[in-house]
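Peer 1: Next come a sequence and a model predicted from it.
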Amino acid sequence: MSDSINYGHLMHQAMRGLLAQVLRDVAKDGLPGAHHFFITFETKAEGVDIPDWLIERYPDEMTIVMQEWFANLVVTDDEFSITLNFGDTEVSMKIPFDAIRTFVDPSVEFGLRFDATEDATAPDEPEESPMIDAIDEPDEIAASHEDAEIVSLDSFRK
């Protein structure tokens, strides 16, 4: 038993659960209205299953877009699999939620960023794990990850 509550780890778990639920709903009912997602993930993270040519092209991270066409969306508690179109080629991929670094739905200005170092922090370590950032300008993230303005949840901690 730890001497403190690891809020950072708990927040990461909760937000990944939120993503899983959103994707489950989309798998069941499709994308409603103008909703669409930009999902950035680490291509070499444990459990990621994408073709080698995509890893060669995106050796560190890759952003996929779920918008007009996707197929075979299957969501579990730990990961999702999906088929996307890359240059008229259907590509199946599996992405663990732990590999996701950003999730943005620009249609409603919603976004999350997960710190890559959080996964390396043990769940019982005190307050050392980073927090989730709420993305303040999802449209900017979608257009350019470097120009994004991030609002850190750390600013609300005492």
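Peer 2: Structure's in. What do you need?

Peer 1: Show the pLDDT at residue 152.
Peer 2: With respect to pLDDT, residue 152 scores 40.

Peer 1: cool, residue 28 as well?
Peer 2: 95.

Peer 1: What helix or strand is it located in?
Peer 2: Element membership for residue 28 (DSSP states H and E) is helix 7-29.

Peer 1: How about that helix, which residues are buried there?
Peer 2: For helix 7-29, burial by neighbour count (16 or more other CB atoms under 10 Å) applies to 8, 9, 11, 12, 15, 16, 19, 20, 22, 23, 24, 26. The C-beta positions use only the backbone N, C-alpha and C, and glycine is treated the same way.

Peer 1: Mind giving me the packing neighbours of that helix?
Peer 2: The elements that helix 7-29 packs onto, with contact taken as 3 or more CB pairs under 8 Å, 6 or more residues apart in numbering; DSSP states H and E, are strand 71-75, strand 100-105.

Peer 1: and those as JSON lines, adding mean pLDDT and distance to residue 36?
Peer 2: Below are those laid out as JSON lines (pLDDT from 0 to 100; distance: least, CB to CB, whole Å):
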{"stretch": "strand 71-75", "mean pLDDT": "96", "distance to residue 36": "14"}
{"stretch": "strand 100-105", "mean pLDDT": "94", "distance to residue 36": "7"}
